[in-house]
Every structure is written in structure tokens, then in C-alpha cells.
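Colleague: please find the sequence and the predicted model below.
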Amino acid sequence: MTTIELPFPPSSLSGHAKGHWRKKASATAMYREMAYCLTPAALRAVFTPSSGDIRIHIQFTPPNKRGDRTNFPNRFKAGLDGIADALGVNDARFLPSYEFCEPKAPGCVRVTLEAA
């Protein structure tokens, strides 16, 4: 098992975020790249087979009480894409489970990966 810690995704990645789509596309690309960079390259050897599920436990610790839990996985989609890119796998292999913690600034998302 390996754990990766990322900053809490910005509200601009919310499915109902207001604003211009170009701004959201830029935020999505930046968060995806951050997730890619924070995923250890050594994990590629662990998850190289082209099939089989990858269990992924995602623990959300929001920075404050302003967000809603049902939207957190949506906000984190770019993070999952970046992790999948770094592992060289299709994110369709992820078998996610979620945990929602009490808010604590500055907020974070802890992702634990395990071959199923």
C-alpha cells in the first residue's frame, strides 16, 4: 500500500462552479499535473499489468465547512486522472472508496493505492 497526499482541490473544479470554462480547464490541467508529479514513479512497477482492479481509498479533509461531500469526488477527478497518468494505467481500473473527515485547514486529500 502506498499513500499520496495532495492539496484539497479548489472550488473551481466543482461541477457547479461558476465562471468561464477556460478558467476551469486551466485549473483542471494544473491539478492533474500536480497529482502526476506527486505520485512516486516507483509505483509504476507495482501497477504495470494491463488488467485488474486497483483499490484506491480517498480520504477528504476539507479546509472548511463550505463544501458538500457529494461534490468532493467530482472535484478530485483531475487528481485521479493525474495519478492514473503517473502509473501508466486507465483510471477505469480504479475501485474507489471514500472517507470524509472533519474540516481542518489547509485541507488535503490522502489517496491510498493497493493492488486488488
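Modeller: Nice, I can see it. Residues are numbered from 1 along each chain as shown.
Colleague: what are the buried residues along stretch 48-58?
Modeller: 54, 56-58 (16 or more other CB atoms under 10 Å). C-beta: built from backbone N, CA, C; applies to glycine.
Colleague: please apply the same query to stretch 86-102.
Modeller: Those would be 86-87, 89, 91, 93-94, for stretch 86-102 by 16+ other CB under 10 Å.
Colleague: now it: average pLDDT?
Modeller: In this model, stretch 86-102 has an average pLDDT of 95.
Colleague: ok, residues contacting that stretch?
Modeller: 35-37, 39, 41, 43-44, 47-48, 50-62, 69, 72-73, 80-81, 83-84, 116 (CB atoms under 8 Å, 6 or more residues apart in numbering).
Colleague: thinking again about what came up before, so which of the buried residues of stretch 48-58 comes closest to Ser12?
Modeller: Closest approach between the buried residues of stretch 48-58 and Ser12, by CB to CB: Ile58, at 19.3 Å.
Colleague: sorry, back to before: which of the buried residues of stretch 86-102 fall in strands?
Modeller: Phe94 (DSSP state E).
Colleague: now, which of the buried residues of stretch 86-102 sits nearest Glu5?
Modeller: Ala86 (14.2 Å).
Colleague: and the gap between the closest one and Thr39?
Modeller: To Thr39, Ala86 is 4 Å away according to CB to CB, to the nearest Å.
Colleague: would you map the helices across this structure?
Modeller: 21-38, 72-75, 77-87 (DSSP state H).
Colleague: now do Pro106 against Glu5, distance only.
Modeller: Counting by CB to CB - Pro106 and Glu5 are separated by 12 Å.
Colleague: cool, and Val46?
Modeller: From Val46 to Glu5 the distance is 18 Å (CB to CB).
Colleague: looking at these two, which is more packed in?
Modeller: Set side by side, Val46 and Glu5 show more neighbours around Val46, with 15 against 11, by other CB atoms under 10 Å.
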